[in-house]
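[1] Sequence unavailable; structure follows:
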């Protein structure tokens, strides 16, 4: 859901033939270009948005064993289009250092935020080709997390 850019609909931001997506179907719509304001209308605003700082999915259960853990949050730093949703039990006392980025305005190679930003930016260079690998990696790592 968080990665939705209207794929398969008439509003698909990365559809073949959508000139705004460029030759490789980039769904990101950046700030308007010179004189673009003269054209009526707006871009569709997708759920999977490049300028997202983080997103998450919360999971709860009526199971007493699960409730003792305080619930589960799947946290994804940066845009959902390039991130890996990582599960954390709510009752944990600390998080891994890679998730403790001091601030988004300061680049840090050890930060999950900046890793996700990098994946998103590099995959946009030839998105129609790269997105298959990105999705496969996301699915593999997220499925492994669910299996824990």
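    Arrived safely, thanks for sending. This structure is a prediction, so every number in the text was calculated from the model and none was measured. Numbering: from 1, shown residues only.

[2] would you list every one of the strands in the chain?
    54-59, 72-77, 86-89 (DSSP state E).

[3] Deepest-packed of those strands, please.
    Stretch with highest mean neighbour count among the strands of the chain: strand 72-77 (a mean of 20; mean count of other Cβ atoms under 10 Å). C-beta here means a position set from N, CA and C on the backbone, and glycine is covered the same way.

[4] Next, count neighbours for residue 145.
    Using other Cβ atoms under 10 Å, residue 145 is surrounded by 14 other residues.

[5] these two touch, right, it and residue 87?
    Yes: the pair residue 145 / residue 87 is scored as a contact, 5.1 Å apart, by Cβ atoms under 8 Å.

[6] what does the lowest-mean-pLDDT helix or strand in the chain contact?
    Between all helices and strands in the chain, the lowest mean by mean pLDDT, DSSP states H and E belongs to helix 64-68, at a mean of 83. If you take Cβ atoms under 8 Å, 6 or more residues apart in numbering as the criterion, helix 64-68 is touched by 60, 61, 72, 91.
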